[in-house]
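Enquirer: need the 3D shape of this:
(one chain, ligands or ions: 2)
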Amino acid sequence: MIQTNKNLKEYNTFGISVKAEMFAVFSSIEELKQILSFRNDKKLLVLGGGSNLLLTQDFDGLVIKNEIKRFEVIEETVSKVIVESGAGENWHEFVLNCIDKGFGGVENLSLIPGSVGASPMQNIGAYGVEIKDVFESLSAYHIASGEIHYFDKTKCEFGYRESIFKNKVKGEYIILTVTFRLTKNPTINSSYGAINEQLKVMGIQVPTIKELSAAVIAIRQSKLPDPKIIGNAGSFFKNPTVDNVLLEKIQENYPDIPNYPAENGRKLAAGWLIEKAGWKGRTFDNYGVHKLQALVLVNYGNCTGQEIFDLSSQIIQDVFEKFGVLLEREVNIL
Ligand code: FAD
Ligand code: EPU
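Expert: Ligands and ions are numbered 1, 2, ... in the order given. This next block holds a predicted model:
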């Protein structure tokens with residue numbers, strides 16, 4: 001059941017080759033409990049699809065991969081439906097399954113890699129929707145007590161790429177199931193500019209959820225590298241929020257800087273800042289900054305996690321020197 005000295009290259013979308021001292025897969029709570037009994041005092045890493053991780057060194061502990069499967073409609077009315085998914089389900093397959101059944105709400109989140117269980121971790125978001133918009137609740141295994149705890153939306157403390165699981169209770173829980181509130185009379189959300197442009201290209205005026213999903217997939221495929229071909233973990237940094245004073249200072253030299261309303265100021269596009277700082281497309285040996293999306297750092301071959309991490313540090317420093325904006329990493333560093 002437990003493998004030792006396991007290479008994790010296949011288990012992270014950056015394709016970084018590091019070893020885990022112990023590795024096991026679980027598909028039920030019983031299996032999870034059995035595996036954890038071998039942990040002793042070792043470090044623990046819960047793995048979904050490995051698409052939001054940068055592994056910078058061998059992991060001297062226990063890595064457990066969540067493969068709890070399930071797709072179940074647990075409540076249904078004429079217009080609404082509550083769907084529960086096992087944490088180990090693939091996110092995109094879950095989205096396609098919902099679309100197939102005519103359940104709307106997650107179509108804008110098509111083609112995001114990874115597992116359903118990781119989706120609340122950073123409140124995944126794309127094209128005008130975040131999972132908090134459709135999230136109902138989740139169940140999670142509390143490692144210290146062995147109890148199952150339930151979290152509703154308020155308890156999850158969702159924010160932009162944030163939740164309680166990345167902050168106050170970091171490392172304390174293993175998410176087992178996630179429940180979503182979806183609708184049978186979907187309202188199409190095509191507010192994100194790129195979606196409307198793509199729908200026009202496709203000749204669609206009033207899209208169905210399936211067509212909206214197809215538009216999102218087309219946009220994503222046109223600018224994000226496919227991890228099966230080029231190793232990456234999506235956006236490496238978060239989009240930063242700045243105050244109006246700093247924005248106006250930057251606008252003196254860059255009047256066209258993209259900026260959007262945010263809770264405590266204005267949100268900037270990190271990809272734009274990195275591009276303007278001259279990093280877009282730069283390649284070093286077998287890693288670098290993607291040529292179509294400056295927010296994505298890539299592994300073209302067998303680079304190390306440390307090389308990607310050092311590259312991200314140089315970018316952070318350079319963007320700070322040029323714009324006075326401090327970028328924060330989105331990807332989990334291990
Ligand atoms: P992993 O990378 O395996 O884990 C991420 C973190 O969650 C780790 O800390 C891990 O320990 C923890 N974790 C995982 N599963 C559990 C669990 N069951 N219980 C407790 N902790 C757990 N993200 C977006 O928000 N929007 C995007 O548009 C987007 N686009 C992307 C595009 C590409 C090409 C790639 C490679 C990534 C993209 N991402 C995006 C990031 C990534 O897909 C998401 O963060 C995804 O939710 C990660 O899922 P995962 O299962 O791979 O998590
Ligand atoms: N831009 C540039 N140069 C670049 C990249 C982007 O100038 O190299 C500019 C674009 O022209 C546009 C703006 O930045 O004006 C925003 O670009 P885009 O719409 O591509 O989105 P993003 O801000 O780069 C965010 C998310 C993505 C998500 C998309 C779509 C973050 C950190 N990233 O990217 O999420 O898919 O919006 O909603 O919020 C992820 O989290 O891994 C991820 C891929």
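Enquirer: what helix or strand does residue 92 sit in?
Expert: helix 91-100 (DSSP states H and E).
Enquirer: for that helix, give the mean pLDDT please.
Expert: For helix 91-100, mean pLDDT rounds to 98.
Enquirer: buried residues in that helix, which are they?
Expert: 91-92, 94-99 (16 or more other Cβ atoms under 10 Å). (Each C-beta comes from the backbone N, C-alpha and C, glycine too.)
Enquirer: all helices of the stretch 1-150 of the chain, in order?
Expert: 29-36, 91-100 (DSSP state H, counting those that start in this stretch).
Enquirer: show me what the mean pLDDT comes to for stretch 114-132.
Expert: 97.
Enquirer: now find how far off-centre that stretch is within its chain.
Expert: 6 Å (Cα atoms, centre = their mean, to the nearest Å).
Enquirer: briefly note if it comes near ligand 2.
Expert: Yes - judged by Cβ under 6 Å from any ligand atom, stretch 114-132 comes into contact with ligand 2 at 126-127.
Enquirer: ends of that stretch, how far apart?
Expert: One end of stretch 114-132 to the other measures 17 Å (Cα to Cα, to the nearest Å).
Enquirer: pick out the residue of the stretch 1-150 of the chain closest to ligand 2.
Expert: residue 126 (3.7 Å; Cβ to the nearest ligand atom).
Enquirer: what is the neighbour count of that residue?
Expert: Other residues near residue 126 number 17, with proximity taken as other Cβ atoms under 10 Å.
Enquirer: so it touches residue 109, yeah?
Expert: Yes - taking contacts as Cβ atoms under 8 Å, residue 126 lies within contact range of residue 109: 5.6 Å.
Enquirer: now do the shared contacts for those two.
Expert: The overlap between the contact sets of residue 126 and residue 109 (Cβ atoms under 8 Å, 6 or more residues apart in numbering) consists of residue 216.
Enquirer: next, the contact list for the spatially most central residue of the chain, please.
Expert: Taking Cα atoms, centre = their mean, the centroid of the chain lies closest to residue 124, which sits 5.1 Å from it. Contacts for residue 124 (Cβ under 8 Å, 6+ apart) come out as 91, 109, 112, 114, 118, 130-131.
Enquirer: same list, the residues you listed, but as JSON lines with distance to residue 211 please.
Expert: Shown next, in JSON lines, are those (distance: Cβ to Cβ, whole Å):
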{"residue": "91", "distance to residue 211": "20"}
{"residue": "109", "distance to residue 211": "15"}
{"residue": "112", "distance to residue 211": "18"}
{"residue": "114", "distance to residue 211": "24"}
{"residue": "118", "distance to residue 211": "27"}
{"residue": "130", "distance to residue 211": "21"}
{"residue": "131", "distance to residue 211": "21"}
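Enquirer: which SS class is residue 175?
Expert: strand (DSSP: H, G, I helix; E, B strand; the rest coil).
Enquirer: please name the bridge partners of it.
Expert: residue 140 (DSSP bridges).
Enquirer: so it touches residue 87, yeah?
Expert: Yes - if you go by Cβ under 8 Å, residue 175 and residue 87 touch, sitting 4.9 Å apart.
Enquirer: what is in contact with those two at once?
Expert: 66, 117-118.
Enquirer: what residues are up against the spatially closest residue to residue 56 that is not a sequence neighbour?
Expert: Distances taken as Cβ to Cβ, 6 or more residues apart in numbering put residue 305 closest to residue 56, at 3.8 Å, once the chain neighbours are dropped. Residues near residue 305 by Cβ under 8 Å, 6+ apart: 14, 16, 18, 54-57, 334.
Enquirer: and the closest residue to residue 115 other than its chain neighbours, how far is that from residue 120?
Expert: Computed as Cβ to Cβ, 6+ apart, the closest residue to residue 115 that is not its neighbour in sequence is residue 48, at 3.2 Å. Distance, residue 48 to residue 120, using Cβ to Cβ, to the nearest Å: 11 Å.
Enquirer: and residue 28, by the same measure?
Expert: 20 Å.
Enquirer: now swap in residue 255 and tell me
Expert: Distance, residue 255 to residue 120, by Cβ to Cβ: 39 Å.
Enquirer: now swap in residue 314 and tell me
Expert: Relative to residue 120, and taking Cβ to Cβ, residue 314 is found at 32 Å.
Enquirer: the two: who's more crowded?
Expert: residue 120 (25 against 12).
Enquirer: so what are the domain limits for the chain?
Expert: According to automatic domain parsing, the chain comprises the domains 3-66, 71-183, 231-333.
Enquirer: neighbours around residue 243, how many?
Expert: Residues near residue 243, counting by other Cβ under 10 Å: 10.
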